[in-house]
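*Asks:* Let me see the structure of the following:
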Amino acid sequence: MTRPTWQPDVLGEHFEALTLDMADDDEGPVVATLVRYSPPTREPFRPARAVLYLHGWNDYFFQTALADYWHAQGAAFYSLDLRKYGRSLRPHQTPNYVDDLAAYDEELDAAAAQIHTELGHHARVMVMGHSLGGLVAVLWAQRHPNEVSGLVLNAPWLELTGSSIMRAMSMPLVHSLARTQPKVPLITADPGFYARTLLVRHGGEWEYDEAWRPMPFFPVRPGWLQAVLTGHAAVARGLSLPCPVLMAASTTSLILPRWREEMRQADTVLDVDLLARRAVLSGTGRHRGADPGRHPRPDPVGTARARGLLRAGHPVDDRLRLGLIRTGRGRTGRPGRRASVRTGCPRATPARRPAARATR
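*Replies:* Residues are numbered from 1 along each chain as shown. Prediction:
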């Protein structure tokens, strides 16, 4: 079988994509896609540090400013489009669907192996995960403690919005449907508020491929939802992550049935207070909150700690195993501005052209 090679990516210059073949599932062939950022440098060098970014649900990687930032810090930047998302979605597949989050171990293992092949066995890999990607990241790190030097969780979906009581009440129904009709679309309401804060035509700052990140979102299905709730339950029981963890979140949530302009400055999807409580369960030690205020500051808490995770393998403050960073701007899952601010980047400059779709 021909070994896959890096190909030009849909994001354009200096971005490349590598198709990773996975084991077939009940729908047929499965792939994941590793994206790397490799702009030219004055002198050839091989970074000793890498950042691997994991997108959230109903999403894919397109935040080019994030790659620019970490490259400027001397780190190799990679991103992984998980199976059935974005670049990895194929016509015969149910978009975004898995019935066990552990299925993602296969592509994460393959991505880590590829990174070490390119950078060497001793290269440190810090994983950044947004929303569902944050949940996937902590569960993978728990099962593979030697693969990750640090975690940056950007508004990670560590619990069902509401509470663990809501999760416990919904589990029996979800389990029943997952056994009998795992892929039947559930009736859900998507008012489109999150997309309204993102898309240029709605007053947001971004343009992206809406076939890969549609509004309304891809259908929620019982089998997938059961997998997510099982992941939430694992976090609620407590994890023992050996690496340092930085969790970033907005200062406030605003989850309402009607649009309000203040939603541009809040998390409109997740309960940030609940995220903070769940993040404490992802590691041991003290935690600290910091609120840089309404507008992000260029280098107070978030930048130093994210750099510390990457460079030293531990936070700048060695006494901290877990950093909780609150910011005064909107949902951290928002591409670019919020994601970059939470991980120490200056405010990202959004791309003003949509990324073309790859051939599926």
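
*Asks:* host element of the nearest residue to Met247 once chain neighbours are set aside?
*Replies:* Once flanking residues are discounted, Met247 sits nearest to Ala279: 3.8 Å by CB to CB, 6 or more residues apart in numbering. (Each C-beta comes from the backbone N, C-alpha and C, glycine too.) Per DSSP states H and E: Ala279 is located in helix 272-280.

*Asks:* What is that helix packed up against?
*Replies:* strand 245-250, strand 322-327 (3 or more CB pairs under 8 Å, 6 or more residues apart in numbering; DSSP states H and E).

*Asks:* and the ones you listed, which one's lowest on average pLDDT?
*Replies:* Comparing mean pLDDT over these, the weakest stretch is strand 322-327, at a mean of 44.

*Asks:* Tell me which strands the helix or strand harbouring Val127 pairs with, and in which orientation.
*Replies:* If you go by DSSP H and E, Val127 is part of strand 124-130. If you go by DSSP bridges, strand 124-130 pairs up with strand 49-54 (parallel), strand 150-154 (parallel).

*Asks:* Against which helices or strands is whichever helix or strand comes after that strand packed?
*Replies:* The helix or strand immediately downstream of strand 124-130 is helix 132-143, counting by DSSP H and E. Packing partners of helix 132-143 (3+ CB pairs under 8 Å, 6+ apart): strand 49-54, helix 105-119, strand 124-130, strand 150-154, helix 222-237.

*Asks:* can I get the ones you listed in CSV with distance to His14?
*Replies:* Converted to CSV, the helices and strands packed on helix 132-143 look like this (distance: least, CB to CB, whole Å):
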stretch, distance to His14
strand 49-54, 16
helix 105-119, 15
strand 124-130, 19
strand 150-154, 23
helix 222-237, 34
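
*Asks:* So which of these is nearest Val98?
*Replies:* Checking the helices and strands packed on helix 132-143 against Val98 by CB to CB gives helix 222-237 as the closest, at 5.9 Å.

*Asks:* what's the spacing between that closest one and its chain's center?
*Replies:* Centroid separation between helix 222-237 and its chain, computed with CA atoms, centre = their mean, to the nearest Å, is 17 Å.

*Asks:* can you pull the buried residues of that helix?
*Replies:* Neighbour-count burial for helix 222-237, counted by 16 or more other CB atoms under 10 Å, picks out 222-232, 234-236.

*Asks:* what angle separates that helix from helix 272-280?
*Replies:* Helix 222-237 and helix 272-280 are oriented at 70 degrees to each other (axes from the mean of the first three to the mean of the last three CA atoms, to 10 degrees).

*Asks:* contacts for helix 222-237?
*Replies:* Contacts with helix 222-237, where a contact means CB atoms under 8 Å, 6 or more residues apart in numbering, come from 96-101, 132, 135-136, 138-139, 142, 157-160, 164, 167, 170-171, 174-175, 177-178, 181-184, 186, 278, 281-282.

*Asks:* quick revisit: Pro8: which of the buried residues of helix 222-237 is nearest?
*Replies:* Trp224 (31.5 Å).

*Asks:* does Met247 really touch Gly150, like I thought?
*Replies:* No: counting by CB atoms under 8 Å, Met247 stays clear of Gly150, with 11.9 Å between them.

*Asks:* Please tell me how far Gly203 sits from Pro257.
*Replies:* Counting by CB to CB, to the nearest Å, the separation of Gly203 from Pro257 is 20 Å.

*Asks:* So for the two, which residue has more residues nearby?
*Replies:* Gly203 (11 against 7; other CB atoms under 10 Å).

*Asks:* Settle this for me: that one is touching Phe193, isn't it.
*Replies:* No: counting by CB under 8 Å, Gly203 stays clear of Phe193, with 11.7 Å between them.

*Asks:* in the chain, which helix or strand is least confident?
*Replies:* Least confident element among the helices and strands of the chain, by mean pLDDT, DSSP states H and E: helix 337-342 (a mean of 30).

*Asks:* This completes my enquiry, with thanks.
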